[in-house]
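Colleague: Predicted coordinates and the sequence they were generated for:
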Amino acid sequence: MTNTFPIVKTSLPAETPVSTQGGPQQQAKRGRKRDRFADPLFNTVAIGTLLLAILVIIYPMYFIVIASFSEPSEILNGNVWLWPAGFTIEGYTRIFSDSTILQGFANSILYTTVGTAISVATILCAAYALSRKDLYGRTFFMLLFIITMFIDGGLIARYLVVRDLGMLDSIWAVVLPGAVGVWNLIIARAFFENNVPGELRDAAQMDGASDFRFFFSVVLPLSKPLIFLMIMIHLVANWNAFFDALIFLNDENKYPLQLVLRNVLIQSEVTAAGGAGALDSYAAAQRLGELIKYGMIVLSTIPLLIVLPFMQKHFTKGALLGAVKS
Amino acid sequence: MSTESSVKSRPRRPTRSSIDLHTRLRLLARSWQLYVLLLPAVLYILVFKYWPMYGAQIAFRNYNPSDGFAGSPWVGLEHFERFVTSFQFERLLVNTLTLNALGLLIAFPVPIILALIVNQLQSERFKKFTQTVLYSPSFISVVVVVGMIHLLFSPRSGIVNNAIVTFGGDPIFFMGAPEWFRPLYIGSDIWQNAGFSMIVYLAALTAIDPALHEAARVDGANKWQRIRHIDIPGIMPVITILFILAIGNLFNLGFEKVLIMQTDLNLPTSEVIQTYVYKAGLQQAQFSYSAAIGLFNSLINLALLMTFNWVARRAGQSSLW
């Protein structure tokens, strides 16, 4: 570990021994001595803090994974710390035979795909138009969007609007109300402003290309990193969203996975799998319930963990772009 | 953008207006395709942002679905008075303020500290690895995080209580104890979000001129001193802006998470204004009353945002406007 933190040479001459004896000379040196130890002390504190932070973040996730493969009684007795005990995959087999959970997965995949497509298309088109300095009324439109970042109509009015639109209990109530994030719009606009050279448009215009033609054949192919980033942001956000579904959906068959998760994990609702068979005793149902909970956390999070390595480069870039612009 | 605003700011000259109209029509005609591209997003915010804003007026009316937003009978501040004088008012206000103020005070500095440390790392690979690990929880859904809390802190089989019992303590029913709600909420918030917030500060830190650090090193400044005298002043504008924004969101942050972290037992500390709006409005259908409470909440928010922005500007720090 130490060679990941090369100590700054000027501050730590290796050959000066640390004197432990007192005396006036020692007192005079105290100022320098403190300096000499400052950087190594910093490095120790820094590595210590980071290792602790990494442990605190990774261990709970790791524990959930091993617990999902462990016999619940072993967890109860405190035997599961580093490795699964009493290996079982019963939780997973039950999850895959539970129609509610599978329906939740299917709904989430549908909502996430449709929602992401709508959001990304809308944002890219609008952001490009807003990035054009020759768009008449550009400031006005920008203001129209930015105001909504600071003022909103509130939960109740939002609910009533969606209800008046007749969208309750439909996919549109999940997919539309949060479709365009102003923040993402600003990020996308900044990208177009910085990455689409004006000369290119002049050239295209001279060749007689329309704005549509230019946007679809030149701008979009030039903006692959942005498109990728936008898709990723919305995939994650849509997959994890639950609140709109909670307030706008009543029909349990339309629940996305996150709502099913909420019922199973937090409200400990007994699912079909958990309570299967009248012969199951209460204890057996509870045992299965635990297994299903751990397993569902793993299964619902895996799609994101698969995506994470692909997105991290773009994601940090996007976060920075947004930050710089603000 | 600048030419356009200068045109707008000179409407008094009589000759300009006719030219303006002409130019305007020409510009509109030439770039109609751009407006087509813009249209879906504008429709979206009109329907899903501005229409609800218009609908917020039901806070001053007795909302009646058949009369619509503007047609319902006007009652003025009746709903506000009812809320302010209701017996829950004080508890809701105290809970909301305590949870969010504590959350801000404790959670806000964490990403800054992490960024300052990570920024000092010399090994690029370790730096990358640390960043990835630290922000990975922000991809986990709130539902799953709360579910994890339930499992890990469960009194019967939770690993935390297992550890407590191993060390000779008595198991604690964390999710059922009002006094544990705030620590769990704030702690899990840091766990989930600190790493991601860190990225913004890291970006600000990389923007600091390396020559400053070089010079300070030559002068014999150690890492603590360089952080204190170069890094922190360097990212102070970003810190101020993010702090003001956090203040502006003080009453909004994480309400969805509060809602799903609530159990019947921890309600004395976990009931906040917005969860109350949700229950009164959507579960009991008291639309106007809860809209009034929501509006009250937003007004406090806006007032806080403007106050702190004003303070920051007076103090010579960067501000939002």
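Modeller: Right, received. Where do you want to start?
Colleague: Which parts of the stretch 201-321 of chain B are helices?
Modeller: With DSSP state H, counting those that start in this stretch, the ranges of helices along the stretch 201-321 of chain B come out as B:210-218, B:223-226, B:232-248, B:255-261, B:267-270, B:273-277, B:287-314.
Colleague: domain parsing for the chain?
Modeller: Unless you meant another one, I'm taking chain A. Per automatic domain parsing, the structural domains of chain A span A:2-61, A:99-269+A:286-325.
Colleague: not what I meant, chain B
Modeller: Here the domain parsing of chain B from automatic domain parsing is B:1-30, B:42-76, B:78-314.
Colleague: what number of residues lie near the residue nearest to residue A:265 when sequence neighbours are not counted?
Modeller: Nearest residue to residue A:265, sequence neighbours excluded (C-beta to C-beta, 6 or more residues apart in numbering or on different chains): residue B:147, at 3.2 Å. Glycine gets a C-beta too; all of them are placed from N, C-alpha and C. Around residue B:147 there are 24 other residues, counting by other C-beta atoms under 10 Å in any protein chain shown.
Colleague: Could you do the one 4 residues further on as well?
Modeller: Using other C-beta under 10 Å, residue B:151 is surrounded by 22 other residues.
Colleague: what separates it from chain A, distance-wise?
Modeller: 6 Å (C-beta to the nearest C-beta, to the nearest Å).
Colleague: Now the one residue in chain A that gets nearest to chain B. Nearest residue, chain neighbours left out?
Modeller: In chain A, no residue comes nearer to chain B than residue A:153, which is 2.8 Å away by C-beta to the nearest C-beta. Sequence neighbours aside, residue B:52 is the residue nearest to residue A:153 in space, at 2.8 Å (criterion: C-beta to C-beta, 6+ apart).
Colleague: Hmm, the one you found is touching residue A:158, no?
Modeller: Yes: between residue B:52 and residue A:158 there is a contact under C-beta atoms under 8 Å: 4.6 Å.
Colleague: picking up where we left off before, show me what contacts the residue nearest to residue A:153?
Modeller: Residues in contact with residue B:52 (C-beta atoms under 8 Å, 6 or more residues apart in numbering or on different chains) are A:152, A:153, A:154, A:157, A:158, A:160, A:161.
Colleague: Going by secondary structure, the first one is in what exactly?
Modeller: This means residue A:152. Assessed by DSSP states H and E, residue A:152 sits outside every helix and strand.
Colleague: Check what pLDDT it gets.
Modeller: Per-residue confidence (pLDDT) for residue A:152: 82.
Colleague: burial count for it?
Modeller: Based on other C-beta under 10 Å, the number of other residues close to residue A:152 is 19.
Colleague: where's residue B:120 relative to residue B:213, distance?
Modeller: 10 Å (C-beta to C-beta, to the nearest Å).
Colleague: Apologies, that question was intended for residue B:159.
Modeller: 43 Å.
Colleague: List the residue ranges of the stretch 1-150 of chain A that fall below the pLDDT cut-off.
Modeller: Applying pLDDT under 70 to the stretch 1-150 of chain A flags the ranges A:1-35.
Colleague: those helices in it, which residues are they?
Modeller: Going by DSSP H, counting those that start in this stretch, the stretch 1-150 of chain A shows helices at A:24-68, A:72-76, A:90-96, A:99-131, A:138-150.
Colleague: Now do the fourth one: which elements does it pack against?
Modeller: The reference is to helix A:99-131. Helix A:99-131 is packed against helix A:138-150, helix A:171-175, helix A:182-195, helix A:224-240, helix A:257-261, helix B:32-45, with contacts defined by 3 or more C-beta pairs under 8 Å, 6 or more residues apart in numbering or on different chains; DSSP states H and E.
Colleague: Most tightly packed of those?
Modeller: helix A:257-261 (a mean of 26; mean count of other C-beta atoms under 10 Å in any protein chain shown).
Colleague: what's in contact with that one?
Modeller: So helix A:257-261 is contacted by A:100-101, A:103-105, A:107-108, A:239-242, A:245-246, A:249, A:296-297, A:300, B:141, B:143-144, B:147 (C-beta under 8 Å, 6+ apart).
Colleague: Show me how to select, in ChimeraX, the buried members of the residues you listed.
Modeller: With 16 or more other C-beta atoms under 10 Å in any protein chain shown as the criterion, this ChimeraX line picks the buried residues out of the contacts of helix A:257-261:
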select /A:100,101,103,104,105,107,108,239,240,241,242,245,246,249,296,297,300 /B:141,143,144,147
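Colleague: right, and residue A:214 touches residue A:201 too?
Modeller: Yes: counting by C-beta under 8 Å, residue A:201 is a contact partner of residue A:214 at 6.2 Å.
Colleague: show me what contacts residue A:154?
Modeller: B:52, B:56, B:277, B:291, B:294, B:295, B:298.
Colleague: between the residues you listed, which has the most around it?
Modeller: residue B:291 (30 neighbours).
Colleague: show me what contacts the closest residue to residue A:124 other than its chain neighbours?
Modeller: Nearest residue to residue A:124, sequence neighbours excluded (C-beta to C-beta, 6+ apart): residue A:188, at 6.2 Å. Residues in contact with residue A:188 (C-beta under 8 Å, 6+ apart) are A:123, A:124, A:127, A:128, A:226, A:230.
Colleague: Pick out the most distant pair among those.
Modeller: The distance between the two most remote of these (C-beta to C-beta) is 12.2 Å, for A:128 and A:230.
Colleague: Pull up the residues of the stretch 151-300 of chain B that are close to chain A.
Modeller: B:151-152, B:156-157, B:159, B:162, B:165-166, B:191, B:195-196, B:199-200, B:203-204, B:217-218, B:220, B:222-225, B:238, B:241, B:248, B:256, B:260, B:274, B:277-278, B:281-282, B:287, B:290-291, B:294-295, B:298 (C-beta under 8 Å from any C-beta of the partner chain).
Colleague: Out of the residues you listed, which end up buried?
Modeller: B:151-152, B:157, B:159, B:162, B:191, B:195-196, B:199-200, B:203-204, B:217, B:222-223, B:225, B:238, B:241, B:248, B:256, B:260, B:274, B:277-278, B:281-282, B:287, B:290-291, B:294-295, B:298.
Colleague: What segments of the stretch 1-150 of chain B are helices?
Modeller: Going by DSSP H, counting those that start in this stretch, the stretch 1-150 of chain B shows helices at B:2-8, B:14-30, B:32-45, B:51-55, B:68-71, B:78-85, B:89-107, B:109-120, B:124-135, B:142-152.
Colleague: ok, back up a step: can you put the contacts of residue A:188 in a markdown table and add distance to residue A:194?
Modeller: What follows is those, written out as a markdown table (distance: C-beta to C-beta, whole Å):
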| residue | distance to residue A:194 |
| --- | --- |
| A:123 | 17 |
| A:124 | 15 |
| A:127 | 12 |
| A:128 | 13 |
| A:226 | 10 |
| A:230 | 16 |
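Colleague: now, among the residues you listed, which is nearest to residue A:175?
Modeller: residue A:123 (13.9 Å).
Colleague: how many other residues sit next to that closest one?
Modeller: Neighbour tally, residue A:123, other C-beta under 10 Å: 27.
Colleague: and residue A:179, which of the three is it?
Modeller: Counting by DSSP: H, G, I helix; E, B strand; the rest coil, the backbone at residue A:179 sits in coil.
Colleague: distance of it from residue A:164?
Modeller: 18 Å.
Colleague: Could you tell me the end-to-end distance of stretch A:62-77?
Modeller: 18 Å (C-alpha to C-alpha, to the nearest Å).
Colleague: can you give me the offset of that stretch from its chain's centre?
Modeller: Centroid displacement of stretch A:62-77 relative to its chain, using C-alpha atoms, centre = their mean, to the nearest Å, is 26 Å.
Colleague: can you tell if that stretch touches chain B?
Modeller: Yes: counting by C-beta under 8 Å from any C-beta, chain B has neighbours in stretch A:62-77: A:63, A:64, A:67, A:72, A:75, A:76.
Colleague: count of residues packed around residue B:59?
Modeller: 25.
Colleague: list the contacts for it?
Modeller: B:79, B:80, B:288, B:291, B:292, B:294, B:295.
Colleague: who's in contact with the fifth one?
Modeller: Contact analysis of residue B:292 by C-beta under 8 Å, 6+ apart lists B:59, B:60, B:79, B:80, B:82, B:83.
Colleague: I appreciate the help and will end here.
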